[in-house]
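Novice: one predicted model, sequence on top.
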Amino acid sequence: MKAVVLQQHGGLEQLRFAPDFPDPVVQDGHVVIQVKATSFNYHDVFTVRGMPGIKVPLPIIIGLDMAGEILEVGSGVSGWKTGDRVLVNPLNRKKGLMGEMMHGGLAEKCLVAEHQLIRMPDGVTFEQAASLPVAYGTAHRMIITHNTIKAGDKVIVLGASGGVGTGCVILAKMLGAEVIACASSADKTKRLKDLGADHVINYKETDFSKWAVEKYGKPQRRTYEGGVDVVINFTGGDTWHPTLRCVKRGGKILVCGATAGYDPKEDLRYIWSFELQVIGSNSFYDDDLQALMGLIQEGKMKPVIDKVLPLAQAAEGLRLIETREVFGKVVVTP
C-alpha cells in the first residue's frame, strides 16, 4: 500500500512517501480499514520533531485522525462488517495514540482495534468525520461536556484560526456567546468574522487583553463588573499573563493545551483576587465524537476544512500546519 512514513525524528524532510509499504494484517479483535480521509493536528508536528519522554517506535506511519470503510474483520469482532463506514477514535486503550505508538492514518489501509470504531451516520462525509477527533472533539469536551459556556458570555478564543480554535468559535456561537476571536493575520480575522465571530483581533497588531479591558471595562475585585467571562487559552507561553488580566471576577480560563509553551509566567494574585476558575480539559471521548457527527448530520455545524490534499502531498500539508498558514483543518485523502 501507499503510505507516508516517519523514518526518524527531525524536520519534515524525515517524512517519506512509500509506494509499497507492507499492508496491515488483520488480528483478533481488530479490523483493517481502507482509509478514506485523515486530518493533521499540531500533535503530528510534535511527533515528527520528537517529544521528551515519549519513545516513538520508528519507522512509523503518522496521523491520529482518520475515517474510512472496513475492509477486513478479525475474529472476535462483533457488530461490524465489511463496508461499514467508521470514524476512528485515535486512542488505543492498550498501546496509546495512533500515529505515535502504532501506525496511523497517512496510508491507504490501517489496522484498528474494535473498541476504537465509531459508526458514521448518513450525511457525514469522510473528510468531515476525519476532521473531528483531536480538534473538534477536544473543543466539544472543553465547552459542551464540561458545561463551561452559556448564552450571553463574553468569550475570547486565542488561536482561533486552527482546528481547535474554529471548533471553539462554532460551538461557543451555537451556545449564544459573544465571541472575540484572535488570530495572526487580516485574512484569518476576516474568515473568523465570516464564521460567526462577533469581534476579531489581529494579535500581532493589537493586545487582546488591553482591547478587552477597553471594551468591557477593567475587572473589579469586589464586584462582577468589567472583563470577559471566559478566555479559551490553549497556547500558553506569553499569552498566559495577559489572559489573567482581562477575566472578570469569577470568570473562567479554559485550558486544553500549550502550543506556545507549558511553563508561562504566572501571577497567582489574579487567581485569588478575582476568584478565577482555571479549568483543564483533556482529550475527548466517543460520546463527544458521536455528538459532533450528530450536529453535522442535523446541519447545525460544519467543520472548517482549509485544504484537501492527496497522500503524495501530505508533507506539504503538515508544513502548512507547522507554519500556521491554514484556517481550520488540512485533510489528506489516501
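Specialist: Yes, it's here. Numbers count the residues shown, from 1 in each chain.

Novice: so what does the most centrally placed residue in the chain look like in phi/psi?
Specialist: For the chain, the residue nearest the mean C-alpha position is residue 135 (1.6 Å; CA atoms, centre = their mean). With angles defined as degrees, to the nearest 10, residue 135 sits at phi -80, psi -70.

Novice: doesn't residue 41 make contact with it?
Specialist: Yes - assessed by CB atoms under 8 Å, residue 135 is found in contact with residue 41 at 6.2 Å. (Each C-beta comes from the backbone N, C-alpha and C, glycine too.)

Novice: gap between the nearest residue to the residue nearest to the centre of the chain once chain neighbours are set aside and residue 64?
Specialist: In this structure, residue 135 finds its nearest non-sequential neighbour in residue 163, 3.0 Å apart by CB to CB, 6 or more residues apart in numbering. With distances taken as CB to CB, to the nearest Å, residue 163 is found 11 Å from residue 64.

Novice: tell me which of those two has more neighbours.
Specialist: Neighbours per residue (other CB atoms under 10 Å) separate residue 163 from residue 64, with residue 163 holding more: 31 against 26.

Novice: thinking again about what came up before, name the residues contacting each of residue 135 and residue 41.
Specialist: Contact with both residue 135 and residue 41 is made by residues 65, 163, according to CB atoms under 8 Å, 6 or more residues apart in numbering.

Novice: ok, now how distant is the residue nearest to residue 135 from residue 19?
Specialist: Going from residue 163 to residue 19 by CB to CB gives 29 Å.

Novice: go on, residue 331?
Specialist: Distance of residue 331 to residue 19, given as CB to CB: 21 Å.

Novice: between those two, which is the more surrounded one?
Specialist: Neighbour tally, residue 331 and residue 19, criterion other CB under 10 Å: the higher count belongs to residue 331, 24 against 9.

Novice: residue contacts, residue 226?
Specialist: By CB under 8 Å, 6+ apart, the contact list for residue 226 reads 213, 216, 217, 218, 219, 220, 248.

Novice: help me confirm that residue 319 is found in a helix?
Specialist: Yes - the assignment for residue 319 (DSSP: H, G, I helix; E, B strand; the rest coil) places it in a helix.

Novice: tally of neighbours for the residue nearest to it when sequence neighbours are not counted?
Specialist: Among residues not flanking residue 319 along the chain, residue 12 sits closest, at 5.6 Å (CB to CB, 6+ apart). Burial measure for residue 12: 16 neighbouring residues, criterion other CB under 10 Å.

Novice: return the residues in contact with residue 12.
Specialist: Contacts for residue 12 were tallied using CB under 8 Å, 6+ apart; they are 48, 315, 318, 319, 322.

Novice: again with residue 273
Specialist: residue 221.

Novice: now residue 316
Specialist: By CB under 8 Å, 6+ apart, the residues touching residue 316 are residue 309.

Novice: so for it, what's the pLDDT?
Specialist: Reading off the confidence values, residue 316 has pLDDT 96.

Novice: pretty sure it sits in a helix.
Specialist: Yes - under three-state DSSP, residue 316 sits within a helix.

Novice: not counting sequence-adjacent ones, nearest residue to residue 329?
Specialist: Distances taken as CB to CB, 6+ apart place residue 131 nearest to residue 329, at 4.4 Å, with adjacent residues excluded.

Novice: what about the one you found, neighbour count?
Specialist: By the criterion of other CB under 10 Å, residue 131 has 32 neighbours.

Novice: now whichever strand or helix holds residue 17: mean pLDDT?
Specialist: Counting by DSSP states H and E, the element that carries residue 17 is strand 15-18. For strand 15-18, mean pLDDT is 96.

Novice: run me through the strand neighbours of that strand, direction for each.
Specialist: Using DSSP bridges, strand 15-18 pairs in its sheet with strand 3-6 (antiparallel).

Novice: starting at the chain centroid, how far to the strand it pairs with?
Specialist: With CA atoms, centre = their mean, to the nearest Å as the basis, strand 3-6 stands 21 Å off its chain's centre.

Novice: kind regards, and thank you for your time.
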